[in-house]
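**Q** Here's my sequence, what's the structure:
(3 chains)
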Amino acid sequence: MGPDMTAITKDTTTLANLFRVRQILDNVESKPQSKVSSDGLKFNPLPSKSYYYWLMAPAILLLAAISLYPFCWMIYMSLNDVQIGSIKWNNFANYTKLLHDGKFWNGWTLLLKYSALCLFFQITIGAFLAIVLNNSKYEKIIVTTLLMPMMMAPVVAGMVWYFLYNGTFGWYHWIFQSLGILGAKSILADVHTAMWGIVIVDVWQWTPLITLITLAGLKRVPQDQLEANMVDGATPIRNFLSVTLPNLYPVLLIAIMLRFMDNFRFIDSAMVLTGGGPADSTKILPIYLFDVSFRFTELGRAAAIALILLIVTIVLGKALVRIFDRQQPAATH
Amino acid sequence: MFNIPRNAIYTSINRRKFLELGGGTVAGLGAGGLTLGLGSTITRSPAQAASSDDAKWKQYAGSKLKFMSENTPPSFAIRDNIKAFTDLTGIEVEVLTDDLPVVQQKVGIDLQSGKADYVLNYVQDKPIGAPFADFYADLTPMFGDSTLPQDSEGYGDEAWYPNFLSACGRFYEKGKIIALPYDAAVACTFYRQDIFEKYTKDFEKEYSKRLEFNENSTWKDVTDMATFFKKLKESGQDVPYGYAQHHGNFAWTTQLDIQRFLFANGRWADWNIDDIYGSKTPGKTNWGDKQSVLMMQKFKELADVCHPDNLANGTLELNTVYQAGKIAMQTQYHEFAASIEDEKKSQAAGGKTAYAPCPKGETSWIVNGGQAVNGTNCGIGGIGINGNASEDLKRAAYIFAIWSVSKNNQLSVLKGLGGTPTRKSVLADPEVVAARKRPTKMPNALTFDAVYDLGIKDPNFVLGPKIPKSNEYYSIIAAETQKCISGGSNAEDTCKSIQTQLDTLHGV
Amino acid sequence: MASRDIVNYNTPLSKAFNWFARIFVAFYLVWTVLPIFVMIVSSFKDLLEAFQIPAVGDWLGARVFFNFTPTFQHYIDLFTEQPFGTYLFNSIVAAGGSAIISVVLGSMAAYSLSRTDFKFKNDLFFWIISTRMAPVVAVLVPLFAIFRSLNLVGSLPGLILAYTTFNLPFAIWILKGFFDNVPYAIEEAQMVDGASRPKALISILPLVAPGIAAFIVLCILFAWNDFLFAAIIGSGDAKTLPVATKELVQPQNIQWGTIMAAGTVTTLPMMLLGLVIRKYLVTGLTMGAVKE
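**A** The predicted structure follows:
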């Protein structure tokens, strides 16, 4: 091992430095190249492919067992009429019935509405906080404080907020009432406000994530360009629009995709807060799915809904990964 | 041998195999998982008809059983008393508790796949009994089995409070009993006597009747009282709201509330099916008829003068509102008396609360020619045995079932956590008789006059509707009723919408 | 990074903006902390004390919030009358176990994926991460069916495996990013010196160790805070803290004090862990897409 190597090894014990190493050794491949092994150098034979296959086999097999099987199960179940005492092929009836299932479509509408509302407030507030806090004296301590809600189990968050919203002894209800925002009817008891009730909790819990992501993005904004512009007489607003925002856009896109997918995945707090009610005004699709599979035990219909939800999520995921790939070089700069 | 629903199991062999795991793909991984009756084990020393009682109780000593139950106080009571059972029989019972939907899902898959992971189930009558009745073991053959220990009081209808055995034990087929009543939640009226007395003069001036509540008070009276209190409140006085109901996201309780209202006024029912046995094919629903539309309208009128937070209230939340002194009256399940009378938790404790049956129907509201009754409904929790279990497992489980519903066990629960007995003999116990009057050590007993002497008797009591799709039915009724109450649709459209959805649900 | 303000202007407008920003941040801090504060304070209150609320609009009356005699009874109840000790243990074992399994298997797979190329690699990689994207409710019933036939329902090994379904893909995804950044030249040099292949792998581990440690913590965080898997697959003999906390909301009996105490017990350890790995949070929570 050459002296350079040792230096690097010592220097790369932290993650941050790892990324620098990447730049230093940008021309060094992280993959073994076949030409190296054919050079005829005298050392242990380079790892053959099968070596790598063996290494990844346990993880892949485990994942296959716990993910492919449920997938096939879902396809099978969704094509059959699963009733008490029988399971039979039903000519896609589970799917065709969904076309006329008001609650299914209502579920999609509400899921999109819920995600859109959550995202709007999270991005607006989160990005604003980040811009304000960036490079401020108290950035570190404030951001750390803001992180607290993210560490809370969503189901516990749901219960705490349920307590706060309670029309009888809830402090937030008292505040809302005292401010004249709400009457005696608590936020979760009204079809018009219940959606806000669950949105507020999601915003409370996850806005800090957007702040964090935006802060990370802001650190990448080229300062010299900002200064140069300022010398040229650009206003801060103009500077923000022409330099900062384009740099933020990619990270914000990632943030949006991540939160969007999480809204599809997690219903813990909404289940505790409203369970989809009142009058189905918060019955977003995953909650309806929960009802169909657990409360109604309609496994065929549940599988059809689950499969559709899964496919939509995976398509979204594919888009997300594309963005990731495009961002990867930027992220390490 | 016994009349277990073998047909149901064998005709569905494919599905069963499939659920059993998964087409066998993963079974290959080698956990050797396809054992019948996970976690339950049996050791047996057979007893003869002539054996001593002790030998009969102990014939399965060393066995282990799993009991899947809902996370309600009665289950905790069983768990707390379990040592007494193990001492008596040598059988170990593991009591697992979960939220109702989780219990439904686990029990549902267990039963439908032909396995018996959970030999014993807490059969909440309609949410669990109605969908899965076919998969529970028929207990009747074991009632007379002389090789098993038996309760000297027997298990016939006469041993329980009226209708209890039918509520949780009888589904779809005559002659079959799938569960023994373990605990009961029966609706009755809780009201603040102190507040009623204080305002009765003002009330009389306006309505020329006393502000009081008794078994002849009607739903119209309730609406009047609620209107009265609401007006006082709006005029700036420091009074509670008059009334509140469960309209929250626990669909079953929301359905029970409107069902009670409909049944009181002309004994209206959702379907023309037998109330005790129910039906797997209920046919067309009665929703949308004149009576239902009128009732929905009246229900909305009542909701308008109730505590405004109704739509956020399930049983628990409603009770909290009452405990906090924010309402003067609620229709609530009688097991809640214990928490109302707890001075540490409730501002309505210490003799302020009185108990009465559910409100009666209002004759002038009845257009279907039916009778006005004190419409009362319930959730009766039974203990049932998984029909897929082996003969020995079933017998061992039976020993547990009859022990847990025995008089002594119910008495000790009543004294401890405040249970809701199901056996008649418990009521005859001198201590319980004394406890029905204040001061009392068993606050639930304060409701017994209203509940056991009147509410659960015919013609006031409604058991059904027992239909396999009961849970989806609750969800439909709850969502639509909430829509109507919150002004999202009028009474007629609501009833029509319920009609369409229920008929689609049953394909008629 | 240069620590100078982006905005160097001093116009009335920017002054006003600064003031607005300060007020907003202050308000937001209160809004963020308040629910947690209420949770912790309420865990020391009796039920009737928790019911106390001032009249509408009586802002000064808000001081009744502090009008109580602190009681540790709820915490004592959790650990004496309720088996929260066991639940805490279950949470630690399930979250810790799945984190370790995920990171061990995950780093093996991630290392291999990083060092080799094959035809469907990108598809395989996407499939791996897509298993993490699946809505939990959608896969629960089939997973329950498998776990049940393997006798894993209601057991800690079962719950660990269940958590692995989302932690393992996460670990592979993130760790691959790490290994990609370690030049192959280091291993190569080791092997030139005669080290065996596994040894070469071990030799680069110190390079990724801090990252791995941080992601073990993140995996713990995800698993610890999970509710649905724990409720369906775990509960029974593997009831975890969030499930047990939720179970305190019973149809007939609610103990807000106890629930808040249980919430505090569930939340505080994670907040501390969150502080410890503060540096890696952004990378972890964005699945590696954004780095600080």
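**Q** neighbours around the nearest residue to A:S136 once chain neighbours are set aside, how many?
**A** Nearest non-adjacent residue to A:S136, counting by CB to CB, 6 or more residues apart in numbering or on different chains: A:I142, 7.8 Å away. Every residue, glycine included, has its C-beta placed from N, CA and C. Applying other CB atoms under 10 Å in any protein chain shown, we find 20 residues neighbouring A:I142.
**Q** ok, now which ones touch A:I142?
**A** Shown in contact with A:I142 (CB atoms under 8 Å, 6 or more residues apart in numbering or on different chains): A:L133, A:S136, C:V25, C:L29.
**Q** which among those residues gets closest to chain B?
**A** C:L29 (28.9 Å; CB to the nearest CB).
**Q** any idea of the pLDDT on that closest one?
**A** Looking at C:L29, its pLDDT reads 92.
**Q** Number of residues surrounding it?
**A** Other residues lying near C:L29 total 16 when counted by other CB under 10 Å.
**Q** so how many other residues sit close to A:T144?
**A** By other CB under 10 Å, the residues close to A:T144 number 14.
**Q** which is the next helix or strand following the host helix or strand of it?
**A** A:T144 is part of helix A:139-146 when elements are defined by DSSP states H and E. Sequence-wise, the next helix or strand downstream of helix A:139-146 (DSSP H and E) is helix A:154-165.
**Q** quick one: the helices in chain C?
**A** Here chain C has its helices, by DSSP state H, at C:12-42, C:47-51, C:73-80, C:84-115, C:121-133, C:136-149, C:156-180, C:184-192, C:197-225, C:228-229, C:241-247, C:256-276, C:281-285.
**Q** Mind putting those into JSON lines with distance to A:Y69?
**A** Output for the helices of chain C, formatted as JSON lines (distance: least, CB to CB, whole Å):
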{"stretch": "helix C:12-42", "distance to A:Y69": "40"}
{"stretch": "helix C:47-51", "distance to A:Y69": "46"}
{"stretch": "helix C:73-80", "distance to A:Y69": "38"}
{"stretch": "helix C:84-115", "distance to A:Y69": "18"}
{"stretch": "helix C:121-133", "distance to A:Y69": "12"}
{"stretch": "helix C:136-149", "distance to A:Y69": "6"}
{"stretch": "helix C:156-180", "distance to A:Y69": "11"}
{"stretch": "helix C:184-192", "distance to A:Y69": "36"}
{"stretch": "helix C:197-225", "distance to A:Y69": "21"}
{"stretch": "helix C:228-229", "distance to A:Y69": "16"}
{"stretch": "helix C:241-247", "distance to A:Y69": "25"}
{"stretch": "helix C:256-276", "distance to A:Y69": "31"}
{"stretch": "helix C:281-285", "distance to A:Y69": "28"}
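**Q** Compare those helices and give me the one nearest A:T297.
**A** Closest to A:T297 of these is helix C:136-149 (CB to CB; 9.4 Å).
**Q** So which elements touch the closest one?
**A** The contact analysis (3 or more CB pairs under 8 Å, 6 or more residues apart in numbering or on different chains; DSSP states H and E) places helix C:136-149 against helix A:49-78, helix A:285-290, helix A:299-332, helix B:13-21, helix B:100-112, helix C:156-180, helix C:228-229.
**Q** By mean pLDDT, show me the worst of these.
**A** helix B:13-21 (a mean of 40).
**Q** Can you pull out the low-pLDDT segments for the chain?
**A** Answering for chain A, as no chain was given. For chain A, the stretches flagged by pLDDT under 70 are A:1-47, A:83-86, A:324, A:327-333.
**Q** that's the wrong chain, I meant chain C
**A** C:1-10, C:251-254, C:287-289, C:291-292.
**Q** Spatially central residue for it, please.
**A** With distances taken as CA atoms, centre = their mean, the residue of chain C nearest its centroid is C:L221 (2.3 Å).
**Q** so what's it up against?
**A** C:L221 makes contact with A:M151, C:A95, C:M270, C:L273, C:G274 under the criterion CB under 8 Å, 6+ apart.
**Q** can you give me the strands in the stretch 51-200 of chain B?
**A** According to DSSP state E, counting those that start in this stretch, the stretch 51-200 of chain B carries its strands in the segments B:64-70, B:92-98, B:120-124, B:179-192.
**Q** Looking at these, spot the one closest to chain C.
**A** strand B:92-98 (5.1 Å).
**Q** is chain C contacted by that closest one?
**A** Yes. Strand B:92-98 reaches chain C (CB under 8 Å from any CB of the partner chain) through B:L96, B:T97, B:D98.
**Q** Mean neighbour count, the strands of the stretch 51-200 of chain B: which tops it?
**A** strand B:120-124 (a mean of 29; mean count of other CB atoms under 10 Å in any protein chain shown).
**Q** and it, how far out from the chain's middle?
**A** Offset of strand B:120-124 from its chain centre (CA atoms, centre = their mean, to the nearest Å): 12 Å.
**Q** just checking, what packs against it?
**A** Counting contacts by 3+ CB pairs under 8 Å, 6+ apart, strand B:120-124 packs against strand B:64-70, helix B:100-112, strand B:378-385, helix B:391-404.
**Q** quick one: average pLDDT of it?
**A** 90.
**Q** Paired strands for it, with orientation please.
**A** strand B:64-70 (parallel), strand B:378-385 (antiparallel) (DSSP bridges).
**Q** now what about the first one, what contacts it?
**A** Read it as strand B:64-70. Taking CB under 8 Å, 6+ apart as the rule, strand B:64-70 contacts B:38-41, B:75, B:78, B:91-100, B:103, B:106-107, B:110, B:117-122, B:124, B:381, B:393, B:396-397, B:400, C:251.
**Q** pLDDT of it, averaged?
**A** Per-region confidence: strand B:64-70 scores 89 on mean pLDDT.
**Q** and the residue lying closest to B:Q297 once chain neighbours are set aside, what pLDDT?
**A** The shortest distance from B:Q297 to any non-neighbouring residue, by CB to CB, 6+ apart, is to B:A491 (4.0 Å). Looking at B:A491, its pLDDT is 92.
**Q** What is the neighbour count of B:A491?
**A** Neighbourhood size, B:A491 [other CB under 10 Å]: 18.
**Q** surely it meets B:K290?
**A** No. Here B:A491 does not reach B:K290: they are 11.0 Å apart, not a contact under CB atoms under 8 Å.
**Q** Of the contacts of A:I142, which count as buried by neighbour count?
**A** Among these, those classed as buried by 16 or more other CB atoms under 10 Å in any protein chain shown are A:L133, C:V25, C:L29.
**Q** Looking at those, which is nearest C:A109?
**A** Using CB to CB, those come closest to C:A109 at A:L133, 37.8 Å.
**Q** ok, and which of the helices and strands packed on strand B:120-124 has the densest surroundings?
**A** strand B:378-385 (a mean of 28).
**Q** Quick check: mean pLDDT of that one?
**A** 91.
**Q** likewise stretch B:343-357?
**A** If you average the pLDDT over stretch B:343-357, you get 86.
**Q** what's that stretch in contact with?
**A** Residues outside stretch B:343-357 that contact it (CB under 8 Å, 6+ apart): B:188-195, B:213-215, B:217, B:322-325, B:334, B:337, B:339-342, B:374, B:376, B:438, B:446-447, B:449-451, B:454-455, B:460, C:46-48, C:51.
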